[in-house]
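**Student:** generate coordinates for the sequence data below:
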Amino acid sequence: MKPTDKIYVAGHSGLVGGAVVRVLTSRGFSNLLTRSRSEVDLRDQQAVRDLFADEKPELVILAAAKVGGIKANFDAPVEFLVENLQIQNNVIRAAHEAGARKLLFLGSSCIYPKFAPQPIPESALLSGSLEPTNEAYAIAKIAGIKLCQAFSREYDANFISVMSTNLYGPGDDFDLETSHVLAALLRKAHEAKMSGAGEMIVWGTGTPRREFLHVDDLAAAVLFLLEQYNSSEIINVGCGEDISIRELAELICEVVGFRGELRWDRSKPDGTPRKLLDISRIKNLGWKPTIALRDGIARFYEWFLDNYVQSMVSLR
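**Tutor:** Presented below is the predicted three-dimensional model:
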């Protein structure tokens, strides 16, 4: 890769895309192509084909997706399936038609079976039933993987697929209707602290175990894989360690400074019992994460206070 390569980051305003742009910019890549949804709706096939025909990016990072937590996935499976299929199909095909040198498709650990072996190897894909609460999103991501592999096999396209674990960091979604667990817990703990509440309600039992990776670490892995990885076989990116949701909630409350009690709403779903990725493949290539969970949460809380909280104050 050269600093002058034209790199299209699809989804640049999202959690992952924003981090990718920050990392690329910090490392001297100056020819970045980005388009907002108002400029190019990636669900519109012709609009996407026109973009690629006009701009002809050399490298493509497909980070655009409709994302959300358990509630959002459960409430809107049609939208999660259809919109993600549209985005993926349009961008991947247009990248091939425009002669892109390489494409990196960002998947998710939710592609793996609900009861996959732990830690989850890449070979676990399609080896069992999916977690029902995010099945639509997972099926869309699996279809994206298979489309990249099909282009690789049929047209010798250098299209790679990266499966990330649970992410958090600047640019995350704090809407309690759509957010993922770490961001939701951070907001809840902050609001409970500020209101002087004696308790904080958390979904489920607290027993499921999850792995959390700071989005800046993922962005560094994306750049690493663009430069070092050329196989159509999927590759996991995570931190290699997991934590129970109860332990996570307690850690967040400690960082935020909320000293009340946690009350567990057992009527709400837990999701997959455990989800820890086997990251031996990418570690063997020479990459590893650098941001410890506690440090990452502390940095994330500072960003939350400086950006999300301040923006809410300015709207009042």
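**Student:** show me where the stretch 1-150 of the chain has helices.
**Tutor:** 15-26, 45-55, 70-75, 77-97, 135-155 (DSSP state H, counting those that start in this stretch).
**Student:** quick one: contacts of the first one?
**Tutor:** Outside helix 15-26, the residues within contact range by CB atoms under 8 Å, 6 or more residues apart in numbering are 7, 9-12, 32, 34, 61, 63-64, 67, 106, 164, 167, 169-173, 215-216, 218-220, 222-223. Backbone N, C-alpha and C define where each C-beta goes, glycine included.
**Student:** returning to what we had before: return the member of the helices of the stretch 1-150 of the chain having the minimum mean pLDDT.
**Tutor:** With a mean of 82, helix 70-75 has the lowest mean pLDDT of the helices of the stretch 1-150 of the chain.
**Student:** which of the residues in that helix are buried?
**Tutor:** I70, K71, A72, N73, F74 (16 or more other CB atoms under 10 Å).
**Student:** same thing with stretch 181-192?
**Tutor:** V181, L182, A183, A184, L185, L186, R187, K188, A189, H190, A192.
**Student:** confidence score at the fifth one?
**Tutor:** The predicted structure scores L185 at 96 on the pLDDT scale.
**Student:** near the closest residue in space to K66 that isn't next to it in sequence, how many other residues are there?
**Tutor:** Counting by CB to CB, 6 or more residues apart in numbering, K66 lies nearest to E83, which is 4.5 Å off, once chain neighbours are set aside. For E83, the count of nearby residues is 19 (other CB atoms under 10 Å).
**Student:** distance of E83 from C110?
**Tutor:** 16 Å (CB to CB, to the nearest Å).
**Student:** repeat that for L104.
**Tutor:** Distance from L104 to C110, by CB to CB: 18 Å.
**Student:** how does this protein divide into domains?
**Tutor:** Domain assignment for the chain, taken from automatic domain parsing, gives 7-170+212-240+277-285, 181-207+244-271+293-315.
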